[in-house]
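[1] Can you look at this prediction? I've put the sequence above it.
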Amino acid sequence: MTKKSWADLSIGQRIAVIILGAIQMGLLVGALWDLAHRSPEEIRGDRRIWAGIVFINWFGPLAYFTIGRRECPLRRSCREPESVIGPFEMDSEPSPV
């Protein structure tokens, strides 16, 4: 099989390459942004290692999003107390209406 240049590709193949490249770049940018904005408690492992891994085509960002992040259900951050859910605090007693 010979190498194809950009000019040898059909219009459909060119569009597919552009779309797949855009998706890959979106995953990379999203992973780097998420990595930069999460606290160390919300990341599994070393931030610098994940920063290198996300540059591996397709595999890196998908690995970071699936196994590199710790999810904190019902809370904005793993550092917030468990009694806080969103902007509201849970009371031990219901408030009278």
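    Perfect, thanks for sending it. Numbers count the residues shown, from 1 in each chain.
[2] Tell me where this protein has helices.
    For the chain, the helices defined by DSSP state H cover 11-37, 47-53, 59-63.
[3] Pick the most deeply packed of those.
    Of all the helices of the chain, helix 59-63 carries the top mean neighbour count, a mean of 17, counting by mean count of other Cβ atoms under 10 Å. The way it works is simple: take the backbone N, C-alpha and C, and place the C-beta from them, glycine included.
[4] contacting residues around that helix?
    With contact meaning Cβ atoms under 8 Å, 6 or more residues apart in numbering, helix 59-63 is reached by 24, 27-28, 30-31, 53-54, 56.
[5] pLDDT averaged over that helix - what is it?
    Helix 59-63 carries an average pLDDT of 94.
[6] cool, and stretch 71-85?
    If you average the pLDDT over stretch 71-85, you get 57.
[7] tell me the average confidence for stretch 38-56?
    Stretch 38-56 shows a mean pLDDT of 92.
[8] Begin at 593 from now on, thanks
    Understood, numbering begins at 593; the last thing we discussed is stretch 630-648.
[9] What's the separation between the nearest residue to P632 once chain neighbours are set aside and S631?
    Excluding its sequence neighbours, the residue lying closest to P632 (Cβ to Cβ, 6 or more residues apart in numbering) is R639, at 6.7 Å. In this view, R639 and S631 are 10 Å apart by Cβ to Cβ, to the nearest Å.
[10] Equivalent analysis for T658, please.
    Counting by Cβ to Cβ, the gap from T658 to S631 is 19 Å.
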